[in-house]
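[1] My questions concern the predicted model and sequence given below.
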Amino acid sequence: MKAIIKQIILDGAQKAFEQGLLKSDQFSEMDIEAPRHGAHGDFSTNFAMVSAGTQRMAPGKIAEAVIACMDQGGIIEKTEIAGPGFINFFLANRAWYPVLDEIARQDDRFGSSNFGAGKKVQVEFVSANPTGPLHVGHARGAAVGDSVAGILAFAGFDVQREYYINDSGRQIQTLGRSVGLRLCELLGREVEFPEDCYQGEYIRDIAGRLDAEMGRDASERLLEKILGKEEEAEAVSFCARFAAGIILSGIRDDLAGFGVQYDRWFSEQSLYDSGSVERTIEEFKARGIIYEHEGALWFKTQEYGDEKDRVVVRSNGITTYFASDIAYHMEKFDRGFDRVIDVWGADHHGYINRINAAIDASGRKSDQFDVILVQLVNLLRNGQPVAMSSRSGEFVTLKEIVDEVGKDAARFLFLSRSYDSGLEFDLEVAKQKTSENPVYYVQYVHARIAGILNKAFAEKVLEDFETPWVGDPSVLQEPEEIKLFKILTAFPEVVEKSAAALHPHVIFTYLMELAAAFHGYYNRHKVITPDRELSRGRLALVFAVKTVIRNGLRLLGVSAPERM
């Protein structure tokens with residue numbers, strides 16, 4: 001609708017110029033927004049004010065000239081000039097009716113666009129170390145990353161979802177050591193279990209599984225290597241690979257149960273195996289971007305906006321995580337992505353500048369790289385905090401949340417606030433089948449309309465399930481009906497806004513608004529009435545609401561049930 005209003009304004013301005021009412025046919029870029037208060041119209045534009053310099057006229061005079069030459073015989077009911085020169089538009093009811101045909105024609109593609117113009121985008125999210133199960137923090141990141149990817153794809157981008165497997169480095173070795181020591185305990189040896197090892201019960205379970213798969217004799221030989229010195233590193237690496245494989249398999253299953261599917265799982269170790277990390281370091285050394293100091297290799301990140309230079313290879317010859325991260329992000333762009341989006345926990349905020357530095361140093365533009373920082377989740381039960389401690393291994397896992405409240409409730413509630421704000425997630429609220437639970441509130445609209453349509457077919461108000469929108473929309477004149485029309489018309493713009501801002505929360509807010517408008521309408525008006533034509537018009541409207549609810553929920557990875 002904004003595009004239509006914009007064209008009406010430009011046509012009016014052109015006609016005003018031709019009639020000598022404006023001084024130039026060069027028109028400034030304008031904003032068209034919906035006013036906060038309905039009394040100010042359906043749309044408002046600042047065209048007159050931004051044109052004052054070009055036209056060398058007062059904004060009020062520009063507004064008068066444009067309005068005088070605009071075609072107001074179509075969808076515009078009236079216009080008014082407000083404040084310093086805003087033009088407010090009040091649309092006739094008939095302006096909104098075409099959305100029913102658009103929704104019916106486009107169906108599950110309504111709201112999609114070519115906004116992204118096919119640009120290749122990679123969204124990397126979760127990417128938790130395979131050292132333990134995914135927890136509630138990972139769950140929010142998974143919901144955000146997967147939804148961002150889905151929204152971008154719907155808006156016309158060529159999107160690939162990726163999981164970066166941190167299967168190299170100190171944490172993986174710590175995992176192997178933890179499992180190895182638990183194996184020793186399982187076999188009756190008294191060993192000291194350090195605090196920096198992984199404490200969770202899952203480590204004991206993995207050790208037991210390792211023992212069962214190897215057999216007792218092989219386990220005893222592995223034990224001797226772990227307790228020895230010469231072959232300890234080899235034994236720890238073996239335990240690490242075994243444990244990481246089991247944990248990663250669990251991560252895959254948990255994410256699949258959460259509705260998340262990746263296009264690619266990328267191994268950090270592969271960057272070392274292929275020589276990519278070493279080649280990147282040597283290339284940057286040759287260009288003077290990486291230098292040696294006190295036996296270590298440092299990246300000149302400070303020259304690219306970071307607060308200080310960063311170590312990429314320690315004085316003992318061991319690379320830092322930053323070294324592999326540099327190589328990984330170079331590899332992403334080498335694959336031809338126009339834009340790279342990483343979803344990180346909020347505690348990684350300080351890492352952004354160094355990755356930006358690496359991208360700038362490589363000759364690419366850091367504005368091709370976006371980081372979504374996801375704030376923490378406070379898990380509650382009936383308003384009381386649920387204790388969590390990753391150090392002790394006592395934490396609530398993603399699987400536990402999905403098992404308790406379901407995928408749909410979990411995903412929807414994780415997106416109920418903007419990801420740059422903290423979130424309180426109450427497990428009991430997520431299980432409620434009342435309007436207090438946002439996902440139930442929205443899904444119930446879809447299910448209720450499905451029931452209405454079934455009743456309409458049973459009572460022969462509609463003959464063909466495939467075309468329930470057939471009817472005369474002009475019978476729809478109630479204020480609550482026009483409000484629904486306006487919200488439905490806004491959906492494509494909402495999707496583009498969400499894609500541009502990388503904020504799934506925009507879709508959540510829209511769905512809550514649409515659901516509230518429908519519930520308000522349904523409470524005041526019967527859909528199926530003795531008046532057949534009115535019934536068919538209302539059925540067309542609620543069918544459109546059902547379609548948009550389904551499309552919006554799908555973008556957030558949430559189902560749209562036919563019955564509840």
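    Great, that's in hand.
[2] Find the helix or strand that the closest residue to residue 529 other than its chain neighbours is a member of.
    Spatial nearest neighbour of residue 529, chain neighbours left out: residue 535 (5.2 Å); criterion: C-beta to C-beta, 6 or more residues apart in numbering. All C-beta spots, glycine's among them, are computed from the backbone N, C-alpha and C. For residue 535, the element it lies in under DSSP states H and E is helix 532-555.
[3] same thing with residue 342?
    strand 339-345.
[4] Can you get me a residue count around residue 476?
    Residue 476 has 22 neighbouring residues, counting by other C-beta atoms under 10 Å.
[5] need the contact list for the closest residue to it other than its chain neighbours.
    Excluding the flanking residues, the one nearest residue 476 by C-beta to C-beta, 6+ apart is residue 537, at 5.1 Å. Counting by C-beta atoms under 8 Å, 6 or more residues apart in numbering, residue 537 makes contact with 471, 472, 473, 474, 475, 476.
[6] least trustworthy position among those, going by pLDDT?
    Among the contacts of residue 537, residue 471 carries the weakest pLDDT, at 68.
[7] For residue 208, see how far away residue 360 is.
    Separation of residue 360 from residue 208 (C-beta to C-beta, to the nearest Å): 49 Å.
[8] neighbour-wise, which of the two wins?
    Taking other C-beta under 10 Å, residue 360 and residue 208 do not tie; residue 360 has more neighbours (17 against 14).
[9] what helix or strand is residue 10 on?
    helix 2-18.
[10] and that helix, C-alpha only, in CSV?
    Once non-C-alpha atoms are left out, helix 2-18 reads as follows in CSV (Å, rounded to 0.1, in the frame of the first residue of the first chain):
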residue,chain,number,x,y,z
LYS,A,2,2.9,2.4,0.7
ALA,A,3,4.1,2.0,-2.8
ILE,A,4,0.7,2.9,-4.2
ILE,A,5,0.5,6.0,-2.0
LYS,A,6,4.0,7.0,-3.0
GLN,A,7,3.1,6.8,-6.7
ILE,A,8,0.0,8.9,-6.1
ILE,A,9,2.2,11.5,-4.5
LEU,A,10,4.8,11.5,-7.2
ASP,A,11,2.1,11.7,-9.9
GLY,A,12,0.5,14.6,-8.1
ALA,A,13,3.8,16.4,-7.7
GLN,A,14,4.6,15.9,-11.4
LYS,A,15,1.3,17.3,-12.4
ALA,A,16,1.8,20.2,-10.0
PHE,A,17,5.1,21.0,-11.7
GLU,A,18,3.6,20.8,-15.1
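[11] Check which residues of that helix are buried.
    Neighbour counts over helix 2-18 (16 or more other C-beta atoms under 10 Å) mark 4, 5, 6, 8, 9, 12, 13, 15, 16, 17 as buried.
[12] picking up where we left off before, for the strand holding residue 342, packing partners?
    Strand 339-345 sits against strand 120-124, helix 136-154, helix 321-334, strand 369-374, with contacts defined as 3 or more C-beta pairs under 8 Å, 6 or more residues apart in numbering; DSSP states H and E.
[13] Adjacent strands (with direction) for that strand?
    Applying DSSP bridges, strand 339-345 is found paired with strand 120-124 (parallel), strand 369-374 (parallel).
[14] Any stretches of the stretch 301-450 of the chain with poor pLDDT?
    Along the stretch 301-450 of the chain, the parts satisfying pLDDT under 70 run over 387-394.
[15] Could you tell me how many residues sit around residue 273?
    11.
[16] Tell me where the model's unsure across this protein.
    Applying pLDDT under 70 to the chain flags residues 73, 229-230, 387-394, 464-471.
[17] residue closest to the middle of it?
    Closest residue to the average C-alpha location of the chain: residue 148 at 2.7 Å, with C-alpha atoms, centre = their mean.
[18] For that one, give its distance to residue 201.
    Distance of residue 148 to residue 201, given as C-beta to C-beta: 34 Å.
[19] now residue 293
    The value you get for residue 293 to residue 201, if C-beta to C-beta is used, is 44 Å.
[20] Excluding covalently adjacent residues, which one is nearest to residue 23?
    residue 55 is the one closest to residue 23 (C-beta to C-beta, 6+ apart), at 5.2 Å.
[21] for that neighbour, what are its contacts?
    Residue 55 makes contact with 22, 23, 24, 62 under the criterion C-beta under 8 Å, 6+ apart.
[22] Now the closest residue to residue 196 other than its chain neighbours: phi and psi?
    In this structure, residue 196 finds its nearest non-sequential neighbour in residue 174, 6.7 Å apart by C-beta to C-beta, 6+ apart. Backbone torsions for residue 174, taken as degrees, to the nearest 10, come to phi -60, psi -40.
[23] and residue 262, which of the three is it?
    Put simply, residue 262 is coil when judged by DSSP: H, G, I helix; E, B strand; the rest coil.
[24] okay, now it: neighbour count?
    20.
[25] Residue 344 too?
    Other residues near residue 344 come to 19 when the count uses other C-beta under 10 Å.
[26] In this structure it contacts residue 370, no?
    No. In this structure, residue 344 is not within contact of residue 370 by C-beta atoms under 8 Å, at 10.8 Å.
[27] and residue 138, what does it touch?
    By C-beta under 8 Å, 6+ apart, the contact set of residue 138 is 126, 128, 398.
[28] Need the nearest residue in space to the first one, chain neighbours excluded.
    Translated: residue 126. Leaving aside its sequence neighbours, residue 126 sits nearest to residue 142 (C-beta to C-beta, 6+ apart; 5.1 Å).
[29] Brilliant, that's me finished.
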